Each structure stands twice: as structure tokens, then as C-alpha cells.
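Asker: structure for this input, please:
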Amino acid sequence: MISFENVGLRYGMGKEVLKDVSFTLKPGSLHFLTGPSGAGKTSLLKLLYLAKRQSRGLISILGKDLSALDRSELPRMRRRIGVVFQDFRLFDHLSAFDNVALPLQIKGAKKSQVADYVGELLNWVGLQDRMHAKPATLSGGEKQRVAIARAVINKPDLLLADEPTGNVDPEMAMRLMHLFEELNKLGTTIVIATHDMGIVKEIGAPTLRLDDGNLTILPGTKGPYIKTSQPAWKRT
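Answerer: You can find the predicted model right below:
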């Protein structure tokens, strides 16, 4: 699914923010991405969701060598990648429902399917009473849940989440993490950037640890699993 080989990244003429980063993530894996502020986590995520090109080294994502990828192929690849941004990036003129529905509408899903899936997923993340609200009227935690729902609704091949539980209470944070676990069980490869080491310990997935641009891979420990019912948006 993802392969980095001696990847370096610098901005302009500055020093490298990623240094000889090498790792491979198998399809259907779940990894955390941790490290102190300024360690390079956001830069690594930008490479993964194709917003930046590496300065050196080789990257393969979704079976494609990025150095040989034509720009015309980028939109199609990006549709296979779900991203939860730290600043949400919701469309202010759309309701919570319409923000989440957008990936399905772009895909050409039927209106009835969109209504069923979006409604059930918003209920899953506790926003059934806020689905018609515009982002300006939502709290930070509510915006975060809308952003997560939008990222997972299309069941992407690769899901990248930047601090997805940073604006919610501990109970909702664990509920969202189990949502990611359920999506992972369907085959989605997931990378979650977080500072919350409590969640990392609870879930027990392997960790990509960045320190000053250098990567270390830490093995996971099997964490507890809370069984949840399977909603319609996951079944088809």
C-alpha cells in the first residue's frame, strides 16, 4: 500500500524536515504516527495525501511510483485517499449532511443511498440532531466529527487522520477510534497522527515515531476491542 525508501523532504533551501525515511505499510494495516511538535508528522502526511513531492528518495502509494506518476493521474488517486485535516476544511456554505455527502455525490451514488448512509454515519458519530447545521454554528468537536464522517463515508483505500480526536471528549475519542478500527477491518489502510499516547496504548497498533525528521517503527501491542454493530454505510 505504501513504501518509502530513503525519502528526504525540505522546503526551499531550508534544512531537511524528513531525513532518509524508509518504511512499508501493508494493505489493511493500521498505524499511529507520533512524535513531538515540529518532528515532521504533518510533512509526512502531506507526502501521503499527495500534497507535496519528496525532495529525494522513492515513494510508492496505492501501487503507483510517484516519481513516474503523471499529474493527470493525481485526481483519480486522491479520490481513493480519505483525509481528516486538523483544521477540518469543511465547506461553510454546506450543512453537516451535505459536507459528508459530497464524496458520495462526486462518486455518483443514488440519492436514496446518500440519504441512508450519511444519516446513519452522522448518527454513529453523535450528530443526528446537527445534520442540517452549517459549520459556523458547530463546535470544534462537532466540526471534527463531520470531517471524520466525510473522510470515511466513501470507504477509501487509504485513510489519513491528523489529530482526529483532538477536539472531542475521551468517550467520543474512543468511539471515533473504534469507528476507524471497523473501517480498517473492511480493508482500509489507516495512518493516524496523534499526540494522545493514551489512545495509542489503548488501541495497541504499531507506531511510526518521528523525532527531528528521523523515523522509528515501534511494534504494537494487542489492545482491547469493543464489538460494535455494523452500520449500512459499511456493508456495501
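Asker: isn't residue 199 up against residue 174?
Answerer: Yes: the criterion here is CB atoms under 8 Å, and residue 199 meets it with residue 174 at 7.4 Å. Heads up, the C-betas are built off the backbone N, CA and C, glycines and all.
Asker: so what's the residue count around the closest residue to residue 66 other than its chain neighbours?
Answerer: Excluding the flanking residues, the one nearest residue 66 by CB to CB, 6 or more residues apart in numbering is residue 59, at 4.6 Å. Residue 59 has 20 neighbours, counted by other CB atoms under 10 Å.
Asker: residue 59: what secondary structure?
Answerer: strand (DSSP: H, G, I helix; E, B strand; the rest coil).
Asker: quick check: which element contains residue 17?
Answerer: For residue 17, the host element (DSSP states H and E) is strand 16-25.
Asker: who has more neighbours, residue 199 and residue 174?
Answerer: Higher neighbour count among residue 199 and residue 174: residue 199, with 20 against 17, using other CB under 10 Å.
Asker: so the more buried one, which of the three states?
Answerer: State at residue 199, reduced to three classes by three-state DSSP: helix.
Asker: any idea how far it lies from residue 208?
Answerer: Distance, residue 199 to residue 208, using CB to CB, to the nearest Å: 15 Å.
Asker: kindly report the same for residue 96.
Answerer: For residue 96, the distance to residue 208 (CB to CB) stands at 31 Å.
Asker: looking at these two, which is more packed in?
Answerer: Under the neighbour definition other CB under 10 Å, residue 96 and residue 208 were set side by side, and residue 96 has more, 27 against 21.
Asker: contacts only, for the residue nearest the centre of the chain.
Answerer: The centroid of the chain falls nearest to residue 160 when counting by CA atoms, centre = their mean (2.2 Å). Going by CB atoms under 8 Å, 6 or more residues apart in numbering, residue 160 touches 45, 48-49, 81-84, 190-191, 193.
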